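Peer 1: Okay, here's the prediction I keep looking at, along with the sequence it came from:
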There are 2 protein chains.
Amino acid sequence: MAFRFEILAKDASSRARLGEIGTARGSLSTPAFLPVGTQGTIKSLTPEELVEVGAEAILSNTYHLYLRPGHETIGRLGGLHKFIHWERPILTDSGGYQVYSLGGLRQISEEGVTFQSHLDGSSHFLSPEKVMEIQRTLGSDIAMVLDECIPYPSPYDYVKASTSLTTRWAKRCLQARENDEAALFAIVQGGIYRELREESAQALVQMDFEGYAIGGLSVGEPKPMMLDILEWTIPLLPENVPHYLMGVGTPEDILDAVMLGVDLFDCVLPTRNARNGTLFTSLGKMSIKQAQYAEDERPIDEGCPCYTCRHYSRAYLRHLYLANEILSSRLNTIHNLFYYMNFMRRIQEAIRENRILEFYRAHHAHASERAIENPTRNQTAWG
Amino acid sequence: MAFRFEILAKDASSRARLGEIGTARGSLSTPAFLPVGTQGTIKSLTPEELVEVGAEAILSNTYHLYLRPGHETIGRLGGLHKFIHWERPILTDSGGYQVYSLGGLRQISEEGVTFQSHLDGSSHFLSPEKVMEIQRTLGSDIAMVLDECIPYPSPYDYVKASTSLTTRWAKRCLQARENDEAALFAIVQGGIYRELREESAQALVQMDFEGYAIGGLSVGEPKPMMLDILEWTIPLLPENVPHYLMGVGTPEDILDAVMLGVDLFDCVLPTRNARNGTLFTSLGKMSIKQAQYAEDERPIDEGCPCYTCRHYSRAYLRHLYLANEILSSRLNTIHNLFYYMNFMRRIQEAIRENRILEFYRAHHAHASERAIENPTRNQTAWG
């Protein structure tokens, strides 16, 4: 297997690490943020534009591609990379989170999960073996085990049983590997219970995965609780593998988690916000539809070198948004993803130079100018 | 004024001409097709992509920009070119056609036209002087006179009175010029009545405009009637100025009109069809949603060198369309506009080489494979 992970530098004042993940399709610097391509496209962008904003890898959703166009179709067409014209690494989730978001439309058993498609109501069954087959057929570079994402809040007994099931499913995923090229990451569950997080982490670590995700976070729990859970859990994971916080989050969440030792993130926030006209800037968030921008000649973020900021005024972007033009989503997405990618590059530099704490303080010096952000994980089955 | 028009070659077997329009912002080869940027954007594309598909000039809609964001806003921001990041020539229509498409929401008098905005119902008044002011403020390179677009069918007396009004409005537009940089094109009306087309053309030609459009076509009349009207009207226009057929059309309509002496076209057809999943190919039109393309690895048009055809399969484009992804509109629009621009380049070459009749026959040899196309002009007030 071509997968490797190397730690290049450690910050002295925190658990932050600078690293590099290598795959057969290229490497990515960590801490890394993966744009989310739910249906085989990062909404509104071409792969060339993703490269231009600095994306080194993307996430794609097993659940969505399984339902449409179908993983077997993608397999017959030469795999996901060829299908979507993206040559760099792809991490695929297992579908566990999307199935969780279906709520009453799913039934979980020891064997797997039965659910109704959100597209046409048709009935489907996903097992650990099936999600491994799907991810193999797609040609994923980093595959995820099937897990049950536990709602917040949930009672102890339910969390204990569910976490134990996720552990058994992880083992079945490992056993279902067939000389796969893809790395396989396990997902630590355990809800908000330290003891159960520890049980989950210890059981999974014994199985020797290539990376570990901390799952079941950003599902509505208070933010300090999320940080507590990361603080308990990450030291239980092997140091020399990637630590992945799924579905997170705001730049502030990402920075907090990096300082607790997280290497990998994904979230729909920058792309979804872009389509809703909410833009990330060095001075906080901006709602482009506001009347104050009607004749504002400045770019979104003065000094930002992205394509959008080089060529377009706030006034034009406001006009495109109000006129419901497709170009609005494109230009806003380019800017927001550039903001995120640049944010990750700056985090990487700060770790390399041993000044992540200084970076943290500088970033939060602007906090009072920022709107309250809701760190809710937003990748539901509906995209 | 920087405007000029030069005829570079004439076809021996038809009235087709190869030419070049020069403006202060660059030149365009004719016969030319202008993509339509209704609201200050060719839907889904960046200006760089327009250049890549071969667009040398675009059309933008006075009516739409007047209502939103307002021509005065655009003027204060440095004009339309700067606002939308497009440095090449822009032709602006006068709004006459859009107001026509409002139907009962408009009232025409000698002075001008009163109408209700399709956006918010607010009341507005456009006169010849006002549309000149708007186009001047936008910074148009080629402006159009205000006209009344006459519905088909209409009785002789109505057409006669309306055509006469359009002629008086054209005169007022000329008088309202203020050392404008923009060229000004008149619009020949006269409905389906040869005598009235002649009256209109003769009166307008006396006023000495920089170009002449043939208006009131592609509004539902039978296609042979449209060709008859072009055949009567174009010989009445000065030879050494551009002849512009507004709102047309299919590749076949364009080719017919070129052979009757038309130099300039615009239409929403390639861009709107793209968003509806209908693609132009060398073998006719293709509806990308069809099940037969579900696992079709081929590009839309084998041999087409556009970005879309270089990188994406029919199967992926079908998936994007069915998944309602923004990238679907983008990739389809790139292909369709490339098809149109390439079609115009091939027409230009055929005229240069004196073989437009041969080109016509070769193009129609594929006619039996083409679906019936509806040449209805589709630029309503609703875009």
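Peer 2: In hand now; what should we look at? Numbers count the residues shown, from 1 in each chain, chains lettered A, B, ... in the order given.
Peer 1: For the stretch 251-383 of chain A, what lies in contact range of chain B?
Peer 2: Taking C-beta under 8 Å from any C-beta of the partner chain as the criterion, the neighbours of chain B within the stretch 251-383 of chain A are A:294-295, A:297, A:311-313, A:315-316, A:318-320, A:322-323, A:325-327, A:329-330. All C-beta spots, glycine's among them, are computed from the backbone N, C-alpha and C.
Peer 1: cutoff 7 Å now
Peer 2: Taking C-beta under 7 Å from any C-beta of the partner chain as the criterion, the stretch 251-383 of chain A approaches chain B at residues A:294-295, A:297, A:311-313, A:315-316, A:319-320, A:322-323, A:325-327, A:329.
Peer 1: again with the stretch 51-200 of chain A
Peer 2: Close to chain B, as judged by C-beta under 7 Å from any C-beta, the stretch 51-200 of chain A has residues A:68-69, A:73, A:76-77, A:83-85.
Peer 1: ok, and the most crowded of those residues?
Peer 2: Using other C-beta atoms under 10 Å in any protein chain shown as the neighbour criterion, A:Ile84 leads those with 26 neighbours.
Peer 1: Next, the contact list for the spatially closest residue to that residue that is not a sequence neighbour, please.
Peer 2: Once flanking residues are discounted, A:Ile84 sits nearest to A:Gly40: 4.8 Å by C-beta to C-beta, 6 or more residues apart in numbering or on different chains. Counting by C-beta atoms under 7 Å, 6 or more residues apart in numbering or on different chains, A:Gly40 makes contact with A:60, A:65, A:80, A:83-84, B:319.
Peer 1: before we move on, the earlier item: cross the residues of the stretch 251-383 of chain A next to chain B against strands and list the overlap.
Peer 2: When those are checked against strands (DSSP state E), there are no matches.
Peer 1: Quick check: most distant residue from the centroid of chain A.
Peer 2: Distance to the chain centre peaks in chain A at A:Glu295, reaching 36.0 Å (criterion: C-alpha atoms, centre = their mean).
Peer 1: can I assume that one is in contact with B:Leu77?
Peer 2: Yes: A contact is recorded between A:Glu295 and B:Leu77 when judged using C-beta atoms under 7 Å, the distance being 6.3 Å.
Peer 1: any residues in contact with both of those two?
Peer 2: When C-beta under 7 Å, 6+ apart defines a contact, the residues bordering A:Glu295 and B:Leu77 alike are A:Ala315.
Peer 1: Could you report the distance from the residue nearest to A:Glu129 when sequence neighbours are not counted to B:Ala161?
Peer 2: Taking C-beta to C-beta, 6+ apart, and ignoring the residues beside it in sequence, A:Glu129 has A:Ala176 as its nearest neighbour in space, at 4.5 Å. For A:Ala176, the distance to B:Ala161 (C-beta to C-beta, to the nearest Å) stands at 80 Å.
Peer 1: and the two? which has more neighbours close in?
Peer 2: A:Ala176 (19 against 12).
Peer 1: Give me the below-cutoff pLDDT ranges for the stretch 1-150 of chain A.
Peer 2: In the predicted model, the stretch 1-150 of chain A carries no residue with pLDDT under 70.
Peer 1: where along it do the strands fall?
Peer 2: Using DSSP state E, counting those that start in this stretch, the strands found in the stretch 1-150 of chain A span residues A:4-10, A:17-23, A:26-30, A:32-34, A:36-37, A:58-61, A:90-93, A:106-108, A:113-116, A:123-126, A:142-144.
Peer 1: Take those strands and lay them out in TSV including mean neighbour count.
Peer 2: Written out in TSV, the entries for the strands of the stretch 1-150 of chain A read as follows (neighbours: other C-beta atoms under 10 Å in any protein chain shown):
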stretch	mean neighbour count
strand A:4-10	15
strand A:17-23	21
strand A:26-30	20
strand A:32-34	26
strand A:36-37	25
strand A:58-61	24
strand A:90-93	28
strand A:106-108	15
strand A:113-116	20
strand A:123-126	15
strand A:142-144	28
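Peer 1: Next, name the residue at the spatial heart of chain A.
Peer 2: In chain A, the C-alpha closest to the average C-alpha coordinate belongs to A:Asp266, at a distance of 1.5 Å (C-alpha atoms, centre = their mean).
Peer 1: what stretches of the stretch 151-300 of chain A score poorly on pLDDT?
Peer 2: Residues of the stretch 151-300 of chain A that meet the criterion pLDDT under 70 are absent altogether.
Peer 1: which residues of it fall in strands?
Peer 2: Listed in chain order, the strands of the stretch 151-300 of chain A (DSSP E, counting those that start in this stretch) span A:183-188, A:211-214, A:243-245, A:264-266, A:278-281, A:284-287.
Peer 1: Is it possible to get these out as TSV so that each row also shows distance to A:Asp253?
Peer 2: Conversion of these to TSV gives the following (distance: least, C-beta to C-beta, whole Å):
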stretch	distance to A:Asp253
strand A:183-188	18
strand A:211-214	12
strand A:243-245	8
strand A:264-266	8
strand A:278-281	13
strand A:284-287	14
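Peer 1: which residues sit in contact with the residue farthest from the centre of chain A?
Peer 2: The neighbourhood of A:Glu295, defined by C-beta under 7 Å, 6+ apart, consists of A:315, B:73, B:76-77.
Peer 1: cool, and A:Met225?
Peer 2: Applying C-beta under 7 Å, 6+ apart, we find A:Met225 in contact with A:Ile192.
Peer 1: And it, how close does it get to chain B?
Peer 2: In this structure, A:Met225 lies at 36 Å from chain B, with C-beta to the nearest C-beta, to the nearest Å as the measure.
Peer 1: Can you report how many residues neighbour the residue in the stretch 201-350 of chain A positioned nearest to chain B?
Peer 2: Proximity of the stretch 201-350 of chain A to chain B (C-beta to the nearest C-beta) peaks at A:Ile326, 4.1 Å away. Look at A:Ile326: counted by other C-beta under 10 Å, it has 19 neighbours.
Peer 1: Excluding chain neighbours, give the residue nearest to it in space.
Peer 2: Closest residue to A:Ile326 in three dimensions, ignoring its sequence neighbours and counting by C-beta to C-beta, 6+ apart: B:Ser44, at 4.1 Å.
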